[in-house]
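[1] give me a 3D structure for the following:
(4 chains)
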There are 2 protein chains.
Amino acid sequence: MNETRDRDAPRRNGPVTRPLVNMVRRPSTVDLIAVELRNAIYSGTLLPGSSVREAEVASQLGVSRGPLRESAQRLVQEGLLVARPGAGLRVVTVGADQVEELYEARLAIEGTAVRKLAGLEPTARERHVSAARELFSSLQSALEDGTDARRIGDADLDLHFGLVEATGNLRMTGMASTLIVQTRLAALSHRDGYVVRTDILDVHRTLMRQISDGDGPGAEQTLAGHFQQTVDRLLGRLEEPFSTVMGTAEGSHFSFNRLP
Amino acid sequence: MNETRDRDAPRRNGPVTRPLVNMVRRPSTVDLIAVELRNAIYSGTLLPGSSVREAEVASQLGVSRGPLRESAQRLVQEGLLVARPGAGLRVVTVGADQVEELYEARLAIEGTAVRKLAGLEPTARERHVSAARELFSSLQSALEDGTDARRIGDADLDLHFGLVEATGNLRMTGMASTLIVQTRLAALSHRDGYVVRTDILDVHRTLMRQISDGDGPGAEQTLAGHFQQTVDRLLGRLEEPFSTVMGTAEGSHFSFNRLP
DNA sequence: GACCTGAAGAATGTCGACAATATAACGATT
DNA sequence: AATCGTTATATTGTCGACATTCTTCAGGTC
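    Alright, predicted model coming up:
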């Protein structure tokens, strides 16, 4: 036993040589198509419940049906598309009955993320959180400018994703990516359109502060409360005094990085 | 605005009619192949680092390369396969540098799960946890019988998966499924073979007890400690007084349920 | 002897075509 | 008027074939 199983591992001359450069990895066509599909869903080009005709989309992307179908299966695995046999692909509809479950999953991932970030040593923490801090500034700017609800929504989701990304855990980052897009899908599935609370700045300022202060449990608690309020709002249990109807801005994108 | 987006939703005669029966959903070929591939990886038929030749596997499954490639992309999305352009598919190798990240992700999901279960009302809790309790019994039996390390490992992973499944959160269940298979991959990637601690029964008994007692934080803490010990062991930082080398039992399976 | 260069082989990436299936429209019936 | 059955259309599911790319191995060179 104990034969070599790592035939794909980089050749090593010595016993343990750290690779000098990062391995170059040309993205496959399937990768590129999957990114396009995700962005189309995230940006609202492909609306929830709409059918995705393979021939049509494939020709728009300049590829054949084969690679498109392979990419589509990735999104099926992510829960962004559904494939009924014989009836083809549809963008999923995230209904009210899914909202609670969705945010519970997000809390599991993002709560763990902020707890980890807060638990780091101050010097390492600042290095990890700096990118997220800029995303917070973007959210602040978007809220100050005011009118574009879509931009605010993007900034919000970008920040939440950035906090998970800051942990450096690629598995959790991938899961967060999926859940973030599903959150956008939930908003787009809502017939009343997208609404954003204008008081989200305070919540996220508190969150960032608690992370900086090393208060992990507090940060998770803040996140939990924020999510609870959001779920309640989406389920229509609460009246919302301050809300803005989502615009239809173009060019809304979100960076999807996958596992190594 | 407010045009009908839910053209795939069941027709409703009245304003709100609850569906009388569950919608029948015939599994697609891609579904079936994906299950076969996952089981092959989980059971060790496809070893970490081994290449998956499409024509060979496709003929073994009795399908063409097309559907196989589509299914493979699902496992790529799950992080169970990697696809290098031109070089095809390989089963991923979960090295020592991935173990910490993997168990951190598992703690995020499973920790949230046990916390939720413990937080339920006693009556609802018992109903949800009953299946997991049987899985605990299976683990107990496997440990009493003793020799088959593979059976013990299966029972362990089944229990951990069952606890997430008990929450009823299909998103978290799907993530747990992926992480569980990756855990198995980590074990199979280890050149020294699979080793199981024989004291895991105490930990899990404590865990189940704390869930039953409604002690969510305690249950999560138990899980965290258990995972920490496991990571330390896998990274070789600890000497293991009680361990058993994994056998090569056949027929090890694991139920993979995907999103609706 | 080790390294680089080049060619042969094998597997993948992509595409087009055909068969199978679901959907939609239409007419007949109770 | 609503429902059922039938037919036609369009789309998907699957397969085989070809071009492309990577890997491997032999030969040559320093």
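
[2] okay, the closest residue to A:Arg69 other than its chain neighbours and DNA strand C: tell me how far apart.
    Spatially, and ignoring its direct neighbours in sequence, A:Arg69 is nearest to B:Glu70 (5.6 Å; Cβ to Cβ, 6 or more residues apart in numbering or on different chains). C-beta here means a position set from N, CA and C on the backbone, and glycine is covered the same way. Using Cβ to the nearest atom of the strand, to the nearest Å, B:Glu70 is found at 10 Å from DNA strand C.

[3] for the residue of chain A at minimum distance from DNA strand D, list each beta-bridge partner.
    In chain A, the residue that lies nearest DNA strand D is A:Gly88 (2.6 Å; Cβ to the nearest atom of the strand). Counting by DSSP bridges, A:Gly88 is bridged to A:Arg84.

[4] these two touch, right, it and A:Glu56?
    No. Judged on Cβ atoms under 8 Å, A:Gly88 makes no contact with A:Glu56 at a distance of 10.9 Å.

[5] looking at it, A:Arg125 is touching A:Gln210, isn't it?
    No. Counting by Cβ under 8 Å, no contact exists between A:Arg125 and A:Gln210, whose distance comes to 11.8 Å.

[6] more neighbours: which of the two?
    Legend: neighbour count by other Cβ atoms under 10 Å in any protein chain shown for A:Arg125 and A:Gln210, higher for A:Gln210 (21 against 18).

[7] that one contacts A:Ala219, correct?
    Yes. Using Cβ under 8 Å, A:Gln210 is in contact with A:Ala219, at 4.0 Å.

[8] tell me the residues that contact both of these two, please.
    Taking Cβ atoms under 8 Å, 6 or more residues apart in numbering or on different chains as the contact rule, A:Gln210 and A:Ala219 both touch A:114, A:118.

[9] just the buried residues of the helix or strand hosting A:Thr123, please?
    In the assignment (DSSP states H and E), A:Thr123 maps to helix A:122-145. The neighbour-count check on helix A:122-145 (16 or more other Cβ atoms under 10 Å in any protein chain shown) flags A:125, A:128-129, A:132-133, A:135-136, A:138-139, A:142-143 as buried.

[10] and stretch A:162-179, by the same measure?
    Neighbour-count burial for stretch A:162-179, with 16+ other Cβ under 10 Å as criterion, is recorded at A:162-167, A:169-179.

[11] quick one: list the elements packing against the helix holding A:Thr123.
    Under the contact criterion of 3 or more Cβ pairs under 8 Å, 6 or more residues apart in numbering or on different chains; DSSP states H and E, helix A:122-145 touches helix A:112-119, helix A:149-166, helix A:200-212.

[12] next to DNA strand D, which bits of chain A? Give me the list.
    Within reach of DNA strand D by Cβ under 7 Å from any atom of the strand, chain A has these residues: A:7, A:26, A:51-55, A:65-66, A:69, A:83-89.

[13] which of the residues you listed count as buried?
    Here, 16+ other Cβ under 10 Å leaves A:52, A:54, A:66, A:69, A:83, A:89 buried among the residues of chain A next to DNA strand D.

[14] show me where pLDDT drops low in chain A?
    Applying pLDDT under 70 to chain A flags residues A:1-21, A:191-196, A:198, A:237-260.

[15] which residue ranges form the helices in it?
    A:29-42, A:54-61, A:65-78, A:96-106, A:112-119, A:122-145, A:149-166, A:170-189, A:200-212, A:216-234 (DSSP state H).

[16] JSON lines for these, including distance to B:Ser43?
    Output for these, formatted as JSON lines (distance: least, Cβ to Cβ, whole Å):
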{"stretch": "helix A:29-42", "distance to B:Ser43": "27"}
{"stretch": "helix A:54-61", "distance to B:Ser43": "33"}
{"stretch": "helix A:65-78", "distance to B:Ser43": "20"}
{"stretch": "helix A:96-106", "distance to B:Ser43": "28"}
{"stretch": "helix A:112-119", "distance to B:Ser43": "30"}
{"stretch": "helix A:122-145", "distance to B:Ser43": "38"}
{"stretch": "helix A:149-166", "distance to B:Ser43": "32"}
{"stretch": "helix A:170-189", "distance to B:Ser43": "22"}
{"stretch": "helix A:200-212", "distance to B:Ser43": "42"}
{"stretch": "helix A:216-234", "distance to B:Ser43": "37"}
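
[17] so which of those is nearest B:Gln229?
    For B:Gln229, the closest of the helices of chain A is helix A:112-119, at 18.8 Å, according to Cβ to Cβ.

[18] now the closest one against helix A:122-145, angle please.
    On the basis of axes from the mean of the first three to the mean of the last three Cα atoms, to 10 degrees, helix A:112-119 is oriented at 120 degrees to helix A:122-145.

[19] with just CA atoms, put helix A:112-119 into CSV.
    Only the C-alpha atoms of helix A:112-119 are listed here, as CSV (Å, rounded to 0.1, in the frame of the first residue of the first chain):
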residue,chain,number,x,y,z
THR,A,112,-18.8,32.5,12.3
ALA,A,113,-16.9,34.8,10.0
VAL,A,114,-17.3,37.9,12.2
ARG,A,115,-16.6,35.9,15.3
LYS,A,116,-13.4,34.7,13.8
LEU,A,117,-12.3,38.1,12.6
ALA,A,118,-13.0,39.6,16.0
GLY,A,119,-11.0,36.9,17.7
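
[20] is that helix up against chain B anywhere?
    Yes. Judged by Cβ under 8 Å from any Cβ of the partner chain, helix A:112-119 comes into contact with chain B at A:112, A:116.

[21] other SSEs contacting that helix?
    When contacts are defined as 3+ Cβ pairs under 8 Å, 6+ apart, helix A:112-119 packs onto helix A:122-145, helix A:149-166, helix A:170-189, helix A:200-212, helix A:216-234, helix B:96-119.

[22] measure A:Val24 to B:Arg84 for me?
    11 Å (Cβ to Cβ, to the nearest Å).

[23] contacting residues for A:Lys116?
    Taking Cβ under 8 Å, 6+ apart, we find A:Lys116 in contact with A:167, A:169, A:216, B:104.

[24] where's stretch A:121-129 relative to the chain centroid, distance-wise?
    Relative to its chain's centre, stretch A:121-129 lies at 23 Å (Cα atoms, centre = their mean, to the nearest Å).

[25] run through who's touching it.
    Under Cβ under 8 Å, 6+ apart, the answer for stretch A:121-129 is A:117-118, A:120, A:166-168, A:208, A:211-212, A:214.

[26] of the contacts of A:Lys116, closest to DNA strand C?
    Closest approach between those and DNA strand C, by Cβ to the nearest atom of the strand: A:Asn169, at 27.3 Å.

[27] I'd say the closest one and B:Glu104 touch.
    Yes. Using Cβ under 8 Å, A:Asn169 makes contact with B:Glu104 at a distance of 5.8 Å.

[28] and the nearest residue to A:Leu207 once chain neighbours are set aside, how many residues sit next to it?
    Once flanking residues are discounted, A:Leu207 sits nearest to A:Thr222: 4.9 Å by Cβ to Cβ, 6+ apart. Per other Cβ under 10 Å, the neighbour tally for A:Thr222 reads 22.

[29] just the one 10 residues further on next, same as before
    A:Asp232 is flanked by 14 other residues according to other Cβ under 10 Å.

[30] and for A:Asp199?
    13.

[31] now swap in A:Gly218 and tell me
    Using other Cβ under 10 Å, A:Gly218 is surrounded by 18 other residues.

[32] got a list of what the closest residue to it other than its chain neighbours touches?
    Counting by Cβ to Cβ, 6+ apart, A:Gly218 lies nearest to A:Gln210, which is 4.4 Å off, once chain neighbours are set aside. Each residue near A:Gln210 by Cβ under 8 Å, 6+ apart is listed here: A:114, A:118, A:216, A:218-219, A:222.

[33] let me see the contact set for the residue nearest to A:Asp213 when sequence neighbours are not counted.
    Closest residue to A:Asp213 apart from its sequence neighbours, by Cβ to Cβ, 6+ apart: A:Ala118 at 7.5 Å. A:Ala118 makes contact with A:125, A:210-211, A:213-216, A:218-219 under the criterion Cβ under 8 Å, 6+ apart.

[34] now for the residues you listed: which two are most distant?
    Farthest apart among the contacts of A:Ala118 - using Cβ to Cβ - are A:Arg125 and A:Gly218, which lie 14.7 Å from each other.

[35] lovely, talk soon.
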